[in-house]
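J.: Sharing a model prediction with you, sequence too.
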Amino acid sequence: MAAAKRVLVSGRVQGVFFRAHVAGVARSRGVAGWAANRDDGTVEIHAEGPPEAVEAVIAAARTGPSGAAVSDVQVSDAEPENCDGFESR
């Protein structure tokens, strides 16, 4: 059974290759979805796929790349969007 999660990440997460970091983990784990910068400085992630793979994406969001400083991660269940691959928006 596939899982679908929405993740909202706060902190220094824009301009530090955060979306590319999350996308790399997602693609390597076979997770579909997207990561997008929001106007308020946060990054929003939609991830769907095998539960353990989605959890790996969430774990990557909690740490981010070396230049990031994650201050908060909010995770909620989401409806599947039937995404094809993982994209940075």
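T.: The structure has been received and is ready for your questions.

J.: mind listing the helices in this structure by residue range?
T.: In the chain, the helices defined using DSSP state H lie at 18-29, 51-63.

J.: for stretch 5-17, which positions count as buried?
T.: Neighbour-count burial for stretch 5-17, counted by 16 or more other C-beta atoms under 10 Å, picks out 5-11, 13-14, 16-17. (Glycine included, C-beta is placed from N, CA and C.)

J.: what comes into contact with it?
T.: 18, 37, 41-48, 54, 57-58, 61, 64-65, 67-78 (C-beta atoms under 8 Å, 6 or more residues apart in numbering).

J.: list the contacts for the closest residue to residue 53 other than its chain neighbours?
T.: Leaving out its chain neighbours, the residue that sits closest to residue 53 by C-beta to C-beta, 6 or more residues apart in numbering is residue 29, at 3.8 Å. For residue 29, the residues meeting the contact criterion (C-beta under 8 Å, 6+ apart) are 49-50, 53, 56-57.

J.: Of those, keep whichever come out buried.
T.: Neighbour counting by 16+ other C-beta under 10 Å classes 49, 53, 56-57 among these as buried.

J.: Looking at the residues you listed, which is nearest residue 82?
T.: Using C-beta to C-beta, residue 49 is the member of those that lies nearest residue 82, at 11.4 Å.

J.: Quick check, central residue of this structure?
T.: residue 45 (3.9 Å; C-alpha atoms, centre = their mean).

J.: Please name the bridge partners of that residue.
T.: With DSSP bridges applied, residue 45 shows beta-bridge pairing to residue 7, residue 35.

J.: Let me know whether it touches residue 23 as I believe.
T.: No - with contacts counted by C-beta atoms under 8 Å, residue 45 stays clear of residue 23, the gap being 9.4 Å.

J.: Can you work out which residues contact both of the two?
T.: A shared contact of residue 45 and residue 23, defined by C-beta under 8 Å, 6+ apart, is any residue touching both; here these are residue 35.
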